[in-house]
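S.K.: sharing a sequence plus its predicted fold:
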Amino acid sequence: MQRRSICGVKTESCNMRKYKTGEKLKILVVGAGMYVDGRGTAEHGTVMPALNELYRTGLVDMVSVAATSAKSIGELKRRMDLLRKMTGTDMEVTGFPQKGRDSKAYIKALSAHRPDCAIVVVPDHLHYEITSDLIRAGVHTLVVKPLAASTTQAKMLSDLARKNNVYGAVEFHKRFDEANLKLKDTVADGRIGDILYINVEYSQRRTVPLKAFKDWVKYTNVFQYLGVHYADVIYFATGAKPVRVLATGQKRLLKQSGLDTYDSIQAVIEWADPKGRKFISTILTNWIDPDTTSAMSDQKIKVIGTMGRYESDQKDRGLQIVTEAGGIEDVNPYFTKSYSICGTRFKFFKGYGIESIAQFCEDVLRIKDGSSLVSDLDGKRPTFKDALVSTIVVEAVNLSLKRDFAWIKVRA
């Protein structure tokens, strides 16, 4: 494909690396929903903006998207037209299926384009089957969280990836948030002493289960969708492993709307750090915040130690916009946002959502050109093996809910 510049203006300001190697990646995206292209929102999602920036910087060449219907592909292409006009790029996307419905369209895409890597962005209950097929085809794969709903499936995927020498990772973008990187550093340097307890509050608007995910919300729950992020953040920042888990939950608003799923789930997790010292975390989640709230996500984390504390309000990033049309908006400028390219009418995307996908693609490129081994990434990235910890917590939460809020002992 011929790549054109933006009015001759260099775009290093997008904070993405330039790639001098002649190698470029062919990428398959499985799924075409909100996180891919912003479906149902005024935004553009995260996956396609990330790949669009990587195309601009020379790492990505060909992109294909597999959905379950040609209708979804048509909507994706419409939104891609808007993204291209906005950013001034000419990245083309090939869609599967081209007509009708086909739940296995990704198999045809594998055969047609032979991708170097794939990004799986589908409902939780489909992760295992699709990811297994991709790994067996030798395709390095990034999966949106959680890796799987059960520890057994997660272990099988981890083992399968190792057996086939395939790089498998989970798209835990919160590991790339500077606030959480600072948490990791603060714990590591001992400034707050031994951790005693961690409190997390994480919620989203009710439009998420009632509209955006209504068709598949019965296959998941709010902890599996939101809480898993902070189960991983706690593991990432402290190196601790879960010891036992207790969860409670309430079904009211959503059940009244015909959805038999929890409005809110509260999980208590006992952890043991690498030195065997134990601490408690509470992760409080809901997805029934009013749609009039000032941000899609309201999230806070507080870490209390023997020598100090760490507090991060990850909703209040210090940027608020008030308009007649939109009311009050608390904006997170650090996740996935667009910014103007100086001297042009075009924009670029940056943020830790973009960085998460970019890091995976860079890793795949290094594996492809021989400068890195798959095994080199263990302990450095959210690999399938690393994601077992958060999956264990998810499974224990679900089991505790089924057992009338009983403590569930686990071993990670």
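M.R.: Alright, I've got the coordinates. Numbers count the residues shown, from 1 in each chain.
S.K.: residue 56 versus residue 350, what's the distance?
M.R.: 12 Å (C-beta to C-beta, to the nearest Å). Just so you know, the C-beta spots here come from the backbone N, C-alpha and C atoms, and that holds for glycine as well.
S.K.: what's the distance between the residue most central in space within the chain and residue 383?
M.R.: The geometric centre of the chain, computed from its C-alpha atoms, lies nearest to residue 171 (C-alpha atoms, centre = their mean), at 4.1 Å. Residue 171 sits 12 Å away from residue 383, going by C-beta to C-beta.
S.K.: in the stretch 151-300 of the chain, which spans are helices?
M.R.: For the stretch 151-300 of the chain, applying DSSP state H, counting those that start in this stretch gives helices covering 151-163, 178-188, 207, 222, 228-238, 253-256.
S.K.: correction: the previous question concerned the stretch 301-412 of the chain.
M.R.: Here the stretch 301-412 of the chain has its helices, by DSSP H, counting those that start in this stretch, at 352-369, 388-402.
S.K.: mean pLDDT for these - can I get that in TSV?
M.R.: Shown next, in TSV, are the helices of the stretch 301-412 of the chain (pLDDT from 0 to 100):
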stretch	mean pLDDT
helix 352-369	97
helix 388-402	98
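S.K.: residue 280 is nearest to which of those helices?
M.R.: helix 388-402 (13.3 Å; C-beta to C-beta).
S.K.: list the buried residues of that closest one.
M.R.: Residues of helix 388-402 classed as buried by neighbour count (16 or more other C-beta atoms under 10 Å): 388-398, 400-401.
S.K.: likewise stretch 78-94?
M.R.: 79, 80, 83, 84, 86, 87, 88, 89, 91, 93, 94.
S.K.: beta partners of the last one?
M.R.: In other words, residue 94. Beta bridges link residue 94 to residue 64 when assigned by DSSP bridges.
S.K.: can you pull the contacts of it?
M.R.: When contacts are counted by C-beta atoms under 8 Å, 6 or more residues apart in numbering, residue 94 touches 62, 63, 64, 65, 109, 112, 113.
S.K.: among those residues, name the buried ones.
M.R.: Among the contacts of residue 94, the ones that count as buried by 16+ other C-beta under 10 Å are 62, 63, 64, 65, 109, 113.
S.K.: surely the fifth one and residue 64 touch.
M.R.: What it means is residue 109. Yes. Assessed by C-beta atoms under 8 Å, residue 109 is found in contact with residue 64 at 4.9 Å.
S.K.: shared neighbours of those two, anything?
M.R.: 28, 94, 96, 115.
S.K.: what's residue 62 sitting at in phi/psi?
M.R.: phi -110, psi 140 (degrees, to the nearest 10).
S.K.: my error: substitute residue 126 in the last question.
M.R.: phi -100, psi -10.
S.K.: quick check: chain neighbours aside, which residue is closest to residue 262?
M.R.: Of all residues not flanking residue 262 in the chain, residue 249 sits nearest, at 4.0 Å (C-beta to C-beta, 6 or more residues apart in numbering).
S.K.: check contacts around the one you found.
M.R.: Neighbour list for residue 249: 221, 223, 262, 263, 264, 265, 266, 401 [criterion: C-beta under 8 Å, 6+ apart].
S.K.: ok so, going back, and which of the buried residues of helix 388-402 is nearest to residue 43?
M.R.: Taking those together and measuring to residue 43 by C-beta to C-beta, the closest member is residue 390, at 25.9 Å.
S.K.: surely the closest one touches residue 231?
M.R.: Yes. Under the criterion of C-beta under 8 Å, residue 390 lies in contact with residue 231, with a separation of 4.5 Å.
S.K.: low-confidence regions, the stretch 301-412 of the chain specifically.
M.R.: Of all residues in the stretch 301-412 of the chain, none has pLDDT under 70.
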